[in-house]
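Q: this is a predicted model, with the sequence first.
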Amino acid sequence: MATHATPGTPGPSATGDTTVLDPSRRAWLPGLAPGRHRRPAPGAPLAPPAQGLVRLSFATGHHAIVTGTGLVGRQPLPDPGETVRHILAIPDATRSLSKTHLEFGFDEVGLWVRDRWSANGTVLVAPAQAPLPLEAGRRYRAKIGSRLLLSSVEMAVERLDGSSTGSGRPPILR
């Protein structure tokens, strides 16, 4: 069942409900958005305990708590046969964000990201490091406190408590 995401409204359950974003409002993005996607396989890996739960916060005012693999874009779709836990559809009136711009997931070390051959590229800005344009198709480590520039859309990697240890910047929510 699709629902509109609005502050103060309970988010989707963990059983695969879908949230449709109303681009005219700042909304809580629970990690599922319109699109064809499969439920994760039973026992699919979650965020490692050492990393904890991660929140991806977007300059648009949206954020998602992520615990597995996912896709970010204007209208992200998994490849045929690909299974992801999160589909993050971010409103982008300028269309500078690709339909499926970025892939993310977790391994034993923590969060990784991969540019999905986006038209306008992705730049990783890790704490105390120079900006790094991502090579499409290659995985990069995205530590807590990192920011990603998905064309003109900014995304911050934060702990669930909202801290971005090491970034020296306030959260990007406006």
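A: Done, it's in.
Q: tabulate the CA atom coordinates of the longest strand anywhere in the chain in CSV.
A: Secondary structure assigned by DSSP state E gives strand 153-159 as the longest strand of the chain. Output of strand 153-159 as CSV, limited to C-alpha atoms (Å, rounded to 0.1, in the frame of the first residue of the first chain):
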residue,chain,number,x,y,z
VAL,A,153,22.1,17.0,-4.6
GLU,A,154,24.0,16.8,-1.4
MET,A,155,23.8,13.7,0.9
ALA,A,156,25.4,13.3,4.3
VAL,A,157,26.3,10.0,6.0
GLU,A,158,25.4,10.2,9.7
ARG,A,159,24.9,8.0,12.7
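Q: flag every buried residue along it.
A: 153-158 (16 or more other CB atoms under 10 Å). C-beta here means a position set from N, CA and C on the backbone, and glycine is covered the same way.
Q: for H86, state which of those is nearest.
A: M155 (12.9 Å; CB to CB).
Q: any idea what that closest one is bridged to?
A: Assessed by DSSP bridges, M155 has beta-bridge partners F58, L148.
Q: distance check, it against E108.
A: With the distance defined as CB to CB, to the nearest Å, M155 ends up 23 Å from E108.
Q: got any ranges where the chain has weak pLDDT?
A: Counting by pLDDT under 70, the chain contains low-confidence residues at 1-52, 161-174.
Q: tell me which stretches of it form strands.
A: Counting by DSSP E, the strands of the chain are 2-4, 18-20, 54-58, 63-66, 70-73, 86-89, 102-106, 111-115, 122-125, 132-133, 139-141, 147-150, 153-159.
Q: nearest to S96 among these would be which one?
A: Per CB to CB, nearest to S96 of those: strand 153-159, 7.4 Å.
Q: now do that closest one and strand 111-115, the angle between them.
A: Angle, strand 153-159 to strand 111-115, by axes from the mean of the first three to the mean of the last three CA atoms, to 10 degrees: 170 degrees.
Q: tell me what strand 153-159 is packed against?
A: Counting contacts by 3 or more CB pairs under 8 Å, 6 or more residues apart in numbering; DSSP states H and E, strand 153-159 packs against strand 54-58, strand 147-150.
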